[in-house]
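# Pasting a predicted model and its sequence here:
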Amino acid sequence: MTDQPPLRADARRNRAHVLEVAARIFAAEGLSVPVHEIARRAGVGTGTVSRHFPTKEDLFGAILRVGVEELVRQADALAERAEPGPAFFTFLAATVRTGAANRGLAEQLAVSATTNQDAQHDRMGLGLLCDRTGDLLDSAQKAGAVRADVALDDVNALMAACMARGNGPSLEPMIAVVSDGLRVPRTP
């Protein structure tokens, strides 16, 4: 492990400002925005961005990790205080709402739901988020609240599809339809 000297005050401010601006841009416009455009909107040079974040993935990973850590905290709290079924469905809805409000997060979650994960995926905390989703799903299935024939990959794909709808008026009905489809059917 190499010890790096602490950042100067101006460098810390620049880093924080770049993160703030990039978070807004990625949330509103998705991941296709180039680094030079982020730097321009932040009022810094691309070299400043690159010194703090060598790649665009590093920049997005730093932003995404904060949101993912919050979702993981929610999952942990729900697992501790709620019954398994309501915990799972509450978390599913919270994750979808978070992703629908943040195009960059939604895009990354969609990619992680359909591809093999890598080290970048884990640095962003997506592996931990996937684990928590799987734990809540497993508990809800054991409690008889979620269909046994549903796999974690199915849940991730359904959440990604809901997020792709965006944060419009159709989001809540879509979450309800997906949740109803995942529930164990009631017997008459």
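Arrived safely, thanks for sending.
# next helix or strand past the helix or strand of the chain with the lowest mean pLDDT?
Least confident helix or strand, the chain: helix 119-123 with a mean of 57, by mean pLDDT, DSSP states H and E. The C-terminal neighbour of helix 119-123 among helices and strands, as given by DSSP states H and E, is helix 126-142.
# most residues in a single helix of this protein, which one?
Counting by DSSP state H, the longest helix found in the chain is helix 56-81.
# Tell me the spacing between residue 127 and residue 72.
Going from residue 127 to residue 72 by C-beta to C-beta, to the nearest Å gives 10 Å. All C-beta spots, glycine's among them, are computed from the backbone N, C-alpha and C.
# er, residue 95 I mean
10 Å.
# what's the answer for residue 11, then?
29 Å.
# which one of those two has more residues nearby?
residue 72 (16 against 13; other C-beta atoms under 10 Å).
# for that one, what are its contacts?
With contact set as C-beta atoms under 8 Å, 6 or more residues apart in numbering, residue 72 has these partners: 125, 128, 129, 132.
# does residue 150 count as helix, strand or coil?
Of the three states, residue 150 takes coil according to DSSP: H, G, I helix; E, B strand; the rest coil.
# got any residues that touch both of residue 95 and residue 72?
Counting by C-beta under 8 Å, 6+ apart, the residues touching both residue 95 and residue 72 are residue 129.
# buried ones in the longest helix of the chain?
The neighbour-count check on helix 56-81 (16 or more other C-beta atoms under 10 Å) flags 56, 59-64, 67-68, 71-72, 74-75, 78-79 as buried.
# Okay, now the unreliable bits of the protein?
Scanning the chain with the threshold set as pLDDT under 70 gives 1-5, 7, 111-124, 188.
# One more pass at 50, please.
Applying pLDDT under 50 to the chain flags residues 1-2.
# Pull the residues that contact the helix or strand where residue 92 lies.
For residue 92, the host element (DSSP H and E) is helix 84-100. Residues from elsewhere that reach helix 84-100 (C-beta under 8 Å, 6+ apart): 67, 70-71, 74-75, 78-79, 82, 105-106, 109, 129, 132-133, 136-137, 139-140, 142-146, 155, 159-160, 162-163, 165-167, 171, 175, 178-179, 182-183.
# All good on my end, thank you.
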